[in-house]
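Undergrad: Sequence first, predicted model second:
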Amino acid sequence: MTVQDIRSFNRFYTNVIGALDYGRHLYAPYTLTESRVLYELAHAPRTDAADLRAQLHLDAGYLSRILNKFEEDGLVERGPSEKDPRRRRITLTSPGREAAALLDERAKETVGSLLDTVRAEDRPRLGEALRTVRELLGDGRAPRPEDVVLREPAPGDLGWIVQRNAALYAAEYGFNADYEGLVARIVADYGEDHDPHLERTWIAELDGRPVGCVMCVRDDAPGAARLRLLLVEPDARGLGIGDRLVGALVDFAREVGYREVLLWTNDILGAARRIYQRHGFALVAEKPHRSFGQDLTGQDWRLDLHATPE
């Protein structure tokens, strides 16, 4: 490997990127940097300006001008940060999410057209090569919270939710196949018939692979949403993924007009319960039961979306 090898690859790759028309169709009417800001806001719903500046390595004045433009165009709203009142929290408005979704869809279509030129049997090799480049040139650093992206499920992700729930709960808590059956029914019901305006699934992705998920579905109780199937892979814990997933769900539920969010869990899931408590959920009932091959204590939790935060 020589310097010339890398420079030669760079010339090749920039030609590929140019062929994807990144400068015109893909980002219009935004610049590349503006599009990156929209992307980060769409995938990190609780971002403040300081975090955004650090993630994108932007000059404070430059980022401020972008956010001012977005605010004038009705794409973002700014308010005090929940973590630090000295900071400003940035959230996308409904038009802002639509703009970010359009850019994301364009990117998927454009890169998809590039992948269409690669034979199916060669795609695993290409994926492994891309991961190798990232690993070798990434200084061996540990994953950071900003490396995690929240996105909508892609084909195969619903099956992944079933498989990983079954495998992890069996390994960590000794659950039997009854739990896999329950998860499969929940996921199947969602996949076959869900209202995208009132129900949503989030996948947390790290280095191109899913590492977490959560579902928001309508509950039988009027005005209530239900949180289901929160999961974070063991090797991705500690990055705040569970907190981001629950935060995204709560923000969505509040925005679309739900009155409350309900969930059922078991007392052995201590880490998940601490996340729920941080987001304002309150324990309303608990009851011992025998399920999934284990003696458990089930718990019902509730979040009042109209309550005033303390």
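TA: Structure's in. What do you need?
Undergrad: In contact with the residue nearest to Arg200 when sequence neighbours are not counted, which residues?
TA: Leaving aside its chain neighbours, Arg200 sits nearest to Cys216 (5.1 Å; criterion: Cβ to Cβ, 6 or more residues apart in numbering). C-betas here are computed from N, CA, C, even on glycine. Remark: with contacts taken as Cβ atoms under 8 Å, 6 or more residues apart in numbering, Cys216 is in contact with Glu199, Arg200, Thr201, Ala225, Arg226, Leu227, Arg228, Leu249, Phe252, Ala253, Val261.
Undergrad: Max pairwise distance over these: which two?
TA: Spatially, the most separated pair among the contacts of Cys216 is Thr201 and Val261, at 14.9 Å (Cβ to Cβ).
Undergrad: the more surrounded of the two?
TA: Val261 (26 against 23; other Cβ atoms under 10 Å).
Undergrad: The residue nearest to Arg200 pairs with what?
TA: Arg200, Leu227 (DSSP bridges).
Undergrad: Can you tell me what sits against stretch 162-181?
TA: Counting by Cβ under 8 Å, 6+ apart, residues outside stretch 162-181 touching it are 183-184, 187, 210, 213, 229, 231, 233-234, 268, 291-294.
Undergrad: Could you dump these into JSON lines and include secondary structure and distance to Arg123?
TA: Shown next, in JSON lines, are the contacts of stretch 162-181 (DSSP: H, G, I helix; E, B strand; the rest coil; distance: Cβ to Cβ, whole Å):
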{"residue": "Val183", "secondary structure": "helix", "distance to Arg123": "29"}
{"residue": "Ala184", "secondary structure": "helix", "distance to Arg123": "28"}
{"residue": "Val187", "secondary structure": "helix", "distance to Arg123": "26"}
{"residue": "Pro210", "secondary structure": "strand", "distance to Arg123": "17"}
{"residue": "Cys213", "secondary structure": "strand", "distance to Arg123": "24"}
{"residue": "Leu229", "secondary structure": "strand", "distance to Arg123": "29"}
{"residue": "Leu231", "secondary structure": "strand", "distance to Arg123": "27"}
{"residue": "Glu233", "secondary structure": "coil", "distance to Arg123": "23"}
{"residue": "Pro234", "secondary structure": "helix", "distance to Arg123": "27"}
{"residue": "Ile268", "secondary structure": "coil", "distance to Arg123": "40"}
{"residue": "Ser291", "secondary structure": "strand", "distance to Arg123": "41"}
{"residue": "Phe292", "secondary structure": "coil", "distance to Arg123": "37"}
{"residue": "Gly293", "secondary structure": "coil", "distance to Arg123": "39"}
{"residue": "Gln294", "secondary structure": "strand", "distance to Arg123": "41"}
